[in-house]
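Q: Next one to model:
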Amino acid sequence: MNKNILICGVGGQGTVLASRIIAAAAMEEGHPVHSAETIGMAQRGGSVTSHIRIGESAYSPLLPWGSADILMAFEPAEAVRNLKYLKKGGVAVVNTAATRPVTEAFRPTGYDGSEMTAWLRDKCACIFVDAHEVCRPFGSEKFFNVIMLGIAAGSGQLFLSKDTLLRQLKKQIPPRYLDINLQAFLAGYEIGTQKSK
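A: Numbering: from 1, shown residues only. Just a heads-up that it's a prediction; the model follows:
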């Protein structure tokens, strides 16, 4: 298997944990993996991008433009910013709920992500999901990264088995948060299954 995955979002959304779970799951299934993060001003809500390359054809961790099989975007503006990585025929899983930048407090622009979402609809195959909606049953958007993993896996675009991903969640998430994260993953998996039909 040779697959390229790009995960993008902003600091605090859990993109790095999501990338580590994917990389570990791919290694568990016997695939060579290269991965890297470009973090920037992540702690202040800045861009975070994780590159994951699975298989023998990857010679470096960073994806070339136009090579990602799947783009997992935790924020709509970050989806637009990183669309250049998605290959023709690739699929983007995109959160439609915008994370407003700090600068919005000083000079409001009205950014809500809707223009980004509309633009993406015309540019690529997308699975859209609203973080506010899918996280409501869990009481916090802190579980969105795990829900996104489930959506990508359930859609069939992540190319990794559900059981392997669940095992990695059990290894990498602290025991006191494990049950609710497993529920979040399974809820996302169901959403992904439904949206891929």
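
Q: So which elements touch the helix of greatest length in the chain?
A: Longest helix in the chain by number of residues (criterion: DSSP state H): helix 175-195. Applying 3 or more C-beta pairs under 8 Å, 6 or more residues apart in numbering; DSSP states H and E, we find helix 175-195 packed against strand 125-129, helix 131-135, helix 144-154, helix 162-172. The C-beta positions use only the backbone N, C-alpha and C, and glycine is treated the same way.

Q: mind listing what's buried in stretch 77-90?
A: A77, E78, A79, V80, N82, L83, Y85, L86, K87, G90 (16 or more other C-beta atoms under 10 Å).

Q: Return the subset of these lying in strands.
A: L86, K87, G90 (DSSP state E).

Q: just those now: which is nearest R100?
A: L86 (24.4 Å; C-beta to C-beta).

Q: looking at the sheet around that closest one, what are its partners?
A: A68 (DSSP bridges).

Q: Contacts only, for it.
A: Counting by C-beta atoms under 8 Å, 6 or more residues apart in numbering, L86 touches L6, G66, A68, L71, A92, C124.

Q: Distance check, it against C124.
A: 6 Å (C-beta to C-beta, to the nearest Å).

Q: Give me the common contacts of these two.
A: Counting by C-beta under 8 Å, 6+ apart, the shared contacts of L86 and C124 are A92.

Q: Phi first, then psi, for I7.
A: Backbone torsions of I7, given as degrees, to the nearest 10, read phi -120, psi 130.

Q: Show the contacting residues for it.
A: I7 neighbours (C-beta under 8 Å, 6+ apart): T15, A18, S19, I22, T49, S50, I52, L71, M72, A73, F74.

Q: circling back to that earlier point, so which of the ones in strands among the buried residues of stretch 77-90 would you say is closest to I151?
A: G90 (15.6 Å).

Q: Can you verify my assumption that the closest one contacts W65?
A: No: using C-beta atoms under 8 Å, G90 is not in contact with W65, being 11.7 Å away.

Q: Now do the most centrally placed residue in the chain against P175, distance only.
A: What sits nearest the mean C-alpha location of the chain, by C-alpha atoms, centre = their mean, is M72, with 3.3 Å. Look at M72 and P175: by C-beta to C-beta, they are 26 Å apart.

Q: Go through the lowest-mean-pLDDT helix or strand in the chain and flag the buried ones.
A: Ranked by mean pLDDT, DSSP states H and E, the weakest helix or strand in the chain is strand 33-38, scoring a mean of 92. Neighbour counts using 16+ other C-beta under 10 Å place V33, H34, S35, E37 of strand 33-38 among the buried residues.
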